[in-house]
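**Student:** only geometry, no sequence info:
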């Protein structure tokens with residue numbers, strides 16, 4: 001039994017994996033409150049734990065877990081070996097969450113070309129080649145970051161959000177908030193589609209994995225643009241829909257694979 005801990009910019013996620021590598025329990029903790037994480041540690045008594053952080057809080061998290069975890073506690077840092085060839089320079093500047101997501105993708109879909117899209121505070125695109133190589137990626141502002149930036153760097157624009165999953169986002173708005181929502185949400189969707197199109201033109205059989213906090217919200221909008229018969233884009237056919245997959249726990253799965261790899 002393993003516990004993996006992912007400390008992100010806005011929350012901390014924890015996952016419990018059984019001996020077969022299956023995720024059997026997960027939790028999300030906001031801010032400094034990690035009670036939910038402590039609860040699953042006490043409940044499952046893991047043999048090993050791995051901690052990853054994009055905020056530099058690994059040591060603090062380890063201190064908070066020590067005494068509660070009976071087994072090994074590992075920190076995922078730039079010295080940790082991973083089961084991928086990493087082509088990123090310098091390698092220590094590659095975010096741990098980005099690397100974990102690519103490892104998770106390669107573990108789930110071995111010998112496949114993969115585009116990993118993580119839509120969180122930042123939106124990242126990562127390319128994993130079938131020969132087991134992380135080829136590199138890109139970073140741009142995420143959904144919430146774009147809404148906040150428009151409000152923070154202007155004097156008149158209100159703070160807006162994406163709205164509920166059921167909300168219809170138009171291509172134009174008839175109020176300022178609707179216009180902001182249309183611009184931000186559609187801008188994200190078109191950016192995602194552009195990367196997918198480019199990926200499928202270069203790697204026609206590639207798997208596309210969408211993950212991150214806004215994955216479920218964006219899934220419907222991206223699929224509509226990619227696979228609607230009237231709007232299907234060049235290089236994106238109906239047969240491609242089976243290669244577009246949403247996995248909200250991809251980073252956790254990657255961390256568990258890394259943990260098992262380091263324990264071998």
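**Tutor:** Arrived safely. It should be emphasised that the depicted structure is a prediction, and the values quoted were computed from it without experimental measurement.
**Student:** where does this protein dip in pLDDT?
**Tutor:** Along the chain, the model assigns pLDDT under 70 to residues 164-168, 229-239.
**Student:** what about the strands in it?
**Tutor:** Assigned strands in the chain, in chain order: 2-7, 11-17, 23-30, 48-53, 72-75, 85-86, 114-119, 122-129, 133-141, 207-211, 244-246 (criterion: DSSP state E).
**Student:** ok and the longest one relative to strand 122-129, angle-wise?
**Tutor:** Using axes from the mean of the first three to the mean of the last three C-alpha atoms, to 10 degrees, the direction of strand 133-141 lies 160 degrees away from that of strand 122-129.
**Student:** buried residues in strand 133-141?
**Tutor:** Across strand 133-141, burial judged by 16 or more other C-beta atoms under 10 Å covers 133, 134, 137, 141. For the C-beta atoms, the positions are set from N, CA and C on the backbone; glycine is no exception.
**Student:** closest to residue 28 out of these?
**Tutor:** residue 141 (21.9 Å; C-beta to C-beta).
**Student:** tell me what that closest one is bridged to.
**Tutor:** Note on residue 141: beta-bridge partners by DSSP bridges are residue 122.
**Student:** who's in contact with residue 79?
**Tutor:** For residue 79, no contacting residues are found, by C-beta atoms under 8 Å, 6 or more residues apart in numbering.
**Student:** what residues sit buried inside stretch 20-34?
**Tutor:** Neighbour counts over stretch 20-34 (16+ other C-beta under 10 Å) mark 26, 27, 29, 34 as buried.
**Student:** what's the closest non-adjacent residue to the third one?
**Tutor:** In space, not counting the residues next to it along the chain, residue 29 is nearest to residue 12; the distance is 4.5 Å by C-beta to C-beta, 6 or more residues apart in numbering.
**Student:** okay, and the beta partners of the one you found?
**Tutor:** With DSSP bridges applied, residue 12 shows beta-bridge pairing to residue 7, residue 29.
**Student:** that one: neighbour count?
**Tutor:** 23 (other C-beta atoms under 10 Å).
**Student:** do the same with residue 55
**Tutor:** Using other C-beta under 10 Å as the criterion, the residues surrounding residue 55 number 12.
**Student:** how about it, phi and psi?
**Tutor:** Phi and psi for residue 55, reported as degrees, to the nearest 10, are phi -110, psi 0.
**Student:** follow-up on the earlier one: which two of the buried residues of strand 133-141 have the greatest separation?
**Tutor:** 133 and 141 (27.2 Å).
**Student:** can you give me the helices in the stretch 151-264 of the chain?
**Tutor:** 176-202, 215-227, 250-263 (DSSP state H, counting those that start in this stretch).
**Student:** which of the ones you listed is buried the deepest?
**Tutor:** Highest mean neighbour count of the helices of the stretch 151-264 of the chain: helix 250-263, a mean of 24 (counted as mean count of other C-beta atoms under 10 Å).
**Student:** and the contacts of that one?
**Tutor:** 2, 4-6, 13, 15, 17, 21, 23, 26, 48-50, 52, 72, 74, 76, 80-83, 97, 99-105, 107-108, 116, 118, 209, 211, 247.
**Student:** which residue comes closest to residue 69 once chain neighbours are left out?
**Tutor:** Using C-beta to C-beta, 6+ apart, the nearest residue to residue 69 is residue 49, at 5.1 Å.
**Student:** ok, that neighbour touching residue 5?
**Tutor:** Yes. Look at residue 49 against residue 5 with C-beta atoms under 8 Å: they come within range, at 6.8 Å.
**Student:** overlap of the contact sets of these two?
**Tutor:** residue 65.
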